[in-house]
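Novice: quick check, what structure comes out for this input:
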Amino acid sequence: MKARIPNQGGGNSQAAMMKKLQDMQAEMARTQAEVEEAEYSASAGGGAVEVKVNGKHEVLAVNIQPDVVDPDDVEILSDMIIAATNEAIRKAIDTMEQKMGNVTSGLNLPAGFGF
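Specialist: Now for the predicted structure:
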């Protein structure tokens, strides 16, 4: 017959950890929804072009100042739109990473865990 080691609170510790993980999962879902619904904007060309995206990286609006529309140089306008769009998307990504990092910071997860 094997000796049985008494449970030294491991069950409570496991239950507490599961509760903490469930709470974190709910907080992550709430945070993700919040970031996805938010709007992020960036401009290029000194404000000549402004692009607004949401946290899902969907373009919501593109505003172009009329004086930058030059039919002979459409390439510059295209470059400004691309630059503003990419910067707005970067803002959304950075916000998601920061907020998710805040949610998971109390877990003491090993580096590179994937959050």
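
Novice: for the rest of this, base every contact and every neighbour count on C-alpha atoms.
Specialist: Fine.

Novice: where in this structure is pLDDT low?
Specialist: 1-11, 106-115 (pLDDT under 70).

Novice: give me that answer again for 80
Specialist: The chain contains residues with pLDDT under 80 at 1-12, 104-115.

Novice: do a quick rundown of the strands in it.
Specialist: If DSSP state E is used as the criterion, the strands of the chain fall at 39-44, 49-54, 59-64.

Novice: tell me the most buried of these?
Specialist: Ranked by mean neighbour count under mean count of other Cα atoms under 10 Å, the strands of the chain are led by strand 49-54, which reaches a mean of 23.

Novice: sheet partners, orientation included, of it?
Specialist: Neighbouring strands of strand 49-54 in its sheet, by DSSP bridges, are strand 39-44 (antiparallel), strand 59-64 (antiparallel).

Novice: wait, doesn't residue 64 sit right on residue 49?
Specialist: Yes. When contacts are counted by Cα atoms under 8 Å, residue 64 is listed as touching residue 49 (4.6 Å).
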